[in-house]
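S.K.: How does the following fold in three dimensions:
(chains A and B)
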Amino acid sequence: MQTQDNTMTENPRETSDKKPEKATDPAIESGLERLTPERIQKTINQVLEQETGPRFKAYVETCMRCGLCADACSYFLSNDRDPYFMPAAKVKNTIWEMLAKKGNVSKDFLRQAVRISHLECNVCKRCAMYCPFGIDIAYMMLLVRRICHKLEITPQYIQDTVNSHSVTLNQMWVKDDEWIDTLQWQEEDARDEFENLQIPLDKVGADIMYSVIAPEPKFQAGLIYQAATLMHAAGIDWTMPSTPGWDNSNMAMYTGDNEISGRIARAFFETAAKLRVKRIVMGECGHAFRSVYDMGNRWNSWVMPPFEVVHALAFYHELLTEGRITITEKYKKKVTLHDPCNVSRGRGLHDKARQVVNMVCEDFVDMVPNREHNYCCGAGGGVINCGPPYKGERMQNNKNKAEQLAATGAEVLIAPCHNCHSGLEDIIQHYDLKMEIKFLGDLIYETMEKKIYTPGE
Amino acid sequence: MNSFIAFIMGPMVWISAIIFVGGLLFKCISIIQSVRQKEPHIFSYMTVKHSLRSIGAWLVPFFPKSTRLRPVYYTISYLFHILLFVVPLFLASHIVLINEAFQVSWPALNDSLADWLTLLVIAALIFFAVRRQMVPEITYLTSATDYLLILLVLLPFVTGFIAYHQWFAYRWMAVAHVLSGELMLIIIPFSRFSHMLTAPLTRAYMGSEFGNVRHARDW
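M.R.: Alright, predicted model coming up:
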């Protein structure tokens, strides 16, 4: 029910009463239970007054409620254009309300704020491209997440990954010896294909440090195998660190735990510094790239990362154009390409990615919209990391992505980002899209010539 | 009453102009100071090239994607913003007053044209108000403030139009026109209308983040 001055009342979701009771989890509920009104008010005011500056002030003071941001957001488009999901509405139901009430908000409000910021926004920044003023709604959602973090009401599963980061420096509680064991296991397997293949550990002075995200050794060790064969075939002088700091993922960035986020980024760069490598190459991940390129580094007062960080897409492009990797026979199935937000809007690698796809595949069909305007996968930005309690609504909120994918008529979807890959896999399954999903590295591995590069060939 | 009117038509014009210009200037300076104090990294990332690129892109009608998705609204808004400045600045009656005060003048709009343009501005404002009621996503965001702000801009244009045509009680209309114009000018620096200052700044920043850091386009 909307009152005259349009503040939130007991039932803010007046436009969609038909939706089922919203899921929650023990971390949110127990966190809320522990809160007192004084702590709530103090924390919110501290973050909004001391951790923001003129940018935030301008964003909040000059939104003209023009509504151009609505069409940007997958949530709005997937939920029958329900105004509740538009970017400006997300800000209204969190930030504006907090400011209007001077931080004096209820637990019900906070329960909703956790949802809006963690489950109903992927911080993909598509809305910042649609707002005529360039208002960064994603930045404001991250601010709300910061408040939730400080109030200790972050959703359980993603908080667990941050706890893991803080203890082990990786996202998945991988122990030091497990890490090394996994690398050696993949190295041994890969020697079936390439006799002398090595995954050089802690090689000081190598050209490249290769880094992965923690789910890789945990669930997707085959990707490490693939990367190793790629490096070996291309004749790259490379290394991987054996010590913590090998994980370039950073879930703390997405829970607003900036302190841990900064610690992770610092450890990552210090690992590279200890190995005195020239560049860092990372696997196909989006948020990991962002954490070292424009978030974790900034917390540590580095304007730009202290090492050149090369995303897998740019690296593949380099290897293929330099002829270090050659393709024997192009991939025949009809493929389409998803543009992960942190790699496209986040680093402009969409054109290079397409060049690589066209070098590797015969039949490429672009989805619409694409490049910077591609829709979010619906999983990234920490949303999928909030875990199983929320999968059902995530599927509902990704409806427009499913429609976009189906419209391509492609057999194979290339998703060059781990979270995108997982989320899109869920979408394909849920909406029965009959598509295969692959990393770009998968296709390169499948079609590349299995020989060692010699210069001058 | 006479002295009140004399004040409104005299010193108050100056006061409101000073508050308008001074207010925006003060806001601009305090923003820059605040950036230096709280977010100095902004200076590290902003570039003139990318700022201008983004501002330029968003000034070209229908160039950015989001503007193409709401063409009717965007056309009206775009024209409205141009006329909002052009009509008062190039109105013969205003130029006469400026000439009397400062001995400068510039070419004026043909009176009949100015009339039609004023009606366009009024129509645009009515469109904005009606849109706030009719488009669900806009209604969701709308509050009383939005209607009041529309009214604030409507009044000078409506009263000016009526005063020019000398309908009803001309002298009172003229006073109402001056008063409503002064009110609008005074409120600009202290309301959402300050976006006339901050929108180029936030646009420039986003343009720099996207262009200089992310190597992507923000339109």
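
S.K.: C-alpha only now, for contacts and for neighbours.
M.R.: OK.

S.K.: for residue 153, what are its contacts?
M.R.: In the absence of a named chain, this looks at chain A. A:27-32, A:114 (CA atoms under 8 Å, 6 or more residues apart in numbering or on different chains).

S.K.: Correction: the question concerned chain B.
M.R.: Under the criterion of CA under 8 Å, 6+ apart, the contact partners of B:Val153 comprise B:125, B:184.

S.K.: Excluding chain neighbours, give the residue nearest to A:Cys417 in space.
M.R.: A:Cys285 (4.1 Å; CA to CA, 6 or more residues apart in numbering or on different chains).

S.K.: Wait, the one you found touches A:Ala415, no?
M.R.: No: using CA atoms under 8 Å, A:Cys285 is not in contact with A:Ala415, being 9.6 Å away.

S.K.: Out of the contacts of A:Ile153, which sit inside strands?
M.R.: Among the contacts of A:Ile153, the subset assigned to strands under DSSP state E is empty.

S.K.: Looking at the residues you listed, which is nearest chain B?
M.R.: Taking CA to the nearest CA as the measure, A:Val114 is the one of those closest to chain B, at 20.3 Å.

S.K.: B:Ser93 versus the closest one, what's the distance?
M.R.: In this structure, A:Val114 lies at 56 Å from B:Ser93, with CA to CA, to the nearest Å as the measure.

S.K.: Have a look at these two and say which one is more surrounded.
M.R.: For A:Val114 against B:Ser93, the residue with the higher neighbour count under other CA atoms under 10 Å in any protein chain shown is A:Val114, and the figures read 23 against 13.

S.K.: From A:Phe56, how far off is the residue lying closest to the more buried one once chain neighbours are set aside?
M.R.: Distances taken as CA to CA, 6+ apart put A:Cys148 closest to A:Val114, at 6.5 Å, once the chain neighbours are dropped. When CA to CA is applied, the distance between A:Cys148 and A:Phe56 equals 18 Å.

S.K.: Spatially central residue for chain A, please.
M.R.: Central residue check for chain A by CA atoms, centre = their mean: the C-alpha nearest the mean position is that of A:His287, 3.4 Å away.

S.K.: got a list of what it touches?
M.R.: With CA under 8 Å, 6+ apart, A:His287 has these contacts: A:249-250, A:342, A:380-381.

S.K.: Could you rerun that using 10 Å?
M.R.: Residues in contact with A:His287 (CA atoms under 10 Å, 6 or more residues apart in numbering or on different chains) are A:213, A:248-251, A:253-254, A:293, A:295, A:340-343, A:346, A:380-382, A:417-420.

S.K.: same check, this time on A:Gly392
M.R.: Going by CA under 10 Å, 6+ apart, A:Gly392 touches A:23, A:430.

S.K.: Look up which helix or strand it falls in, please.
M.R.: If you go by DSSP states H and E, A:Gly392 is part of helix A:391-397.

S.K.: following that helix, which helix or strand shows up next?
M.R.: Scanning forward in sequence from helix A:391-397, with DSSP H and E defining helices and strands, the next element found is helix A:399-406.

S.K.: doesn't A:Ile414 make contact with A:Lys333?
M.R.: No: with contacts defined as CA atoms under 10 Å, A:Lys333 does not count as touching A:Ile414, sitting 11.6 Å away.

S.K.: the more surrounded of these two?
M.R.: Neighbour comparison, A:Lys333 and A:Ile414: the larger count goes to A:Ile414, with 22 against 13 (by other CA under 10 Å).

S.K.: which residues does the more buried one contact?
M.R.: If a contact means CA under 10 Å, 6+ apart, then A:Ile414 has A:335-339, A:357, A:420-421, A:424, A:436-443 as its contacts.

S.K.: Of these, which belong to helices?
M.R.: Secondary structure of the contacts of A:Ile414 is defined by DSSP state H; positions in helices are A:357, A:420-421, A:424, A:440-443.

S.K.: My read is that B:Met184 contacts B:Arg192, right?
M.R.: No: taking CA under 10 Å as the definition, B:Met184 is not a contact partner of B:Arg192, at 11.8 Å.

S.K.: Can you pull the residues that touch both of these two?
M.R.: Taking CA under 10 Å, 6+ apart as the contact rule, B:Met184 and B:Arg192 both touch B:Leu149.

S.K.: tell me how far stretch B:190-198 is from the chain's mean position?
M.R.: If you compare the mean C-alpha spot of stretch B:190-198 with that of the full chain, they lie 8 Å apart, counting by CA atoms, centre = their mean, to the nearest Å.

S.K.: Determine the longest helix present in the chain.
M.R.: Using chain A. Using DSSP H, we find that the single longest helix of chain A is helix A:258-274.

S.K.: you looked at the wrong chain, it should be chain B
M.R.: helix B:11-38.

S.K.: does any part of the lengthiest strand in chain A sit near chain B?
M.R.: For chain A, the strand reaching the highest residue count under DSSP E is reported as strand A:331-337. No: using CA under 10 Å from any CA of the partner chain, strand A:331-337 stays clear of chain B, coming no nearer than 17.5 Å.

S.K.: Any chance you could list what contacts that strand?
M.R.: Applying CA under 10 Å, 6+ apart, the set of residues contacting strand A:331-337 is A:350, A:353-354, A:357-367, A:370-371, A:374, A:405, A:408-416, A:435-440, A:443-444, A:446-448.

S.K.: go again using 6 Å as the cut-off
M.R.: Residues from elsewhere that reach strand A:331-337, judged by CA atoms under 6 Å, 6 or more residues apart in numbering or on different chains: A:361-366, A:410-414.

S.K.: circling back: for the residue nearest to A:Val114, phi and psi?
M.R.: Summarising the backbone geometry of A:Cys148 under the convention degrees, to the nearest 10, its torsions are phi -60, psi -40.

S.K.: quick one, the one helix or strand in chain B whose mean pLDDT sits lowest and helix B:11-38 angle?
M.R.: One helix or strand of chain B scores below all others by mean pLDDT, DSSP states H and E: helix B:2-9, with a mean of 90. Helix B:2-9 runs at 40 degrees relative to helix B:11-38, counting by axes from the mean of the first three to the mean of the last three CA atoms, to 10 degrees.

S.K.: distance between helix B:2-9 and the chain's centre?
M.R.: Centroid separation between helix B:2-9 and its chain, computed with CA atoms, centre = their mean, is 26 Å.

S.K.: got the CA positions of it in CSV?
M.R.: As requested, the backbone C-alpha atoms of helix B:2-9 are provided in CSV (Å, rounded to 0.1, in the frame of the first residue of the first chain):
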residue,chain,number,x,y,z
ASN,B,2,3.0,48.2,-3.3
SER,B,3,6.3,48.0,-1.6
PHE,B,4,6.0,44.2,-1.6
ILE,B,5,5.4,44.2,-5.3
ALA,B,6,8.2,46.7,-5.8
PHE,B,7,10.5,44.3,-3.8
ILE,B,8,9.4,41.3,-5.9
MET,B,9,9.9,43.1,-9.2
